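Asker: okay, sequence plus prediction incoming.
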Amino acid sequence: MSELQTKLEKICRLPKDFHEAGVMTPPVLEALHHHASGVSLRRSVETGCGKSTLLLSWLSESHTVFTLDKYGDVPCESFENVRDSSLLKQNSVEFVLGPSQRTVPEYPFHSSLQLALLDGPHGFPFPMLEYYYIYPHLDRGALLIVD
């Protein structure tokens, strides 16, 4: 069994409350692994964070995560869980903290993306806003995943 497969299995076994708003199920994580493994992932981005962040930290050479670190004055448990997890490949991840509708448009994308996972705020029109600002940076044939 490869190191990546071992990491995937450990990520899939994390508890359901790893993310306060719910988590990606093992079949979804396995599908993400399957499809992303077929692409040379030099750069990827994600809005929101959770188990997918842990997995993408191993699949991508450089993974940027747009996420909240707190809701008002209350710490965001999912960010803390991801940041503090032994399953996070720290040296491949950059966290951009704040609301995605502000941070994504301001972010200086310096290279093209091979994968984007839009899973930030779960309400309209946020996925469309994220898509609007990320789409121009996708490589031809890139994977675009929208939750």
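Answerer: Good, I have the coordinates.

Asker: what comes up buried for the lengthiest strand in the chain?
Answerer: For the chain, the strand with the greatest residue count under DSSP state E is strand 138-146. Counting neighbours by 16 or more other CB atoms under 10 Å, one finds that the buried residues in strand 138-146 are 138, 142, 143, 145. (Each C-beta comes from the backbone N, C-alpha and C, glycine too.)

Asker: in its sheet, what does that strand sit against?
Answerer: In the sheet, strand 138-146 lines up against strand 113-118 (parallel) (DSSP bridges).

Asker: for this protein, name the helix or strand with the lowest mean pLDDT.
Answerer: strand 74-75 (a mean of 82; mean pLDDT, DSSP states H and E).

Asker: could you list the residues in contact with that one?
Answerer: When contacts are defined by CB atoms under 8 Å, 6 or more residues apart in numbering, strand 74-75 is touched by residues residue 69.

Asker: ok, stretch 61-71 next?
Answerer: 41-49, 53, 56-57, 75-76, 78-80, 82, 92-100, 103-104, 107, 120, 130.

Asker: got the contact list for residue 52?
Answerer: By CB under 8 Å, 6+ apart, residue 52 lies in contact with 24, 29, 32, 46, 117, 119.

Asker: looking at those, which are in helices?
Answerer: Secondary structure from DSSP state H places 29, 32 of the contacts of residue 52 in helices.

Asker: looking at the contacts of residue 52, spot the one nearest residue 13.
Answerer: Nearest to residue 13 among these: residue 29, at 10.6 Å, using CB to CB.

Asker: leaving out the residues flanking it, which one is nearest to the most centrally placed residue in the chain?
Answerer: Nearest residue to the geometric centre of the chain (CA atoms, centre = their mean): residue 46, 3.5 Å. Distances taken as CB to CB, 6 or more residues apart in numbering put residue 117 closest to residue 46, at 4.3 Å, once the chain neighbours are dropped.
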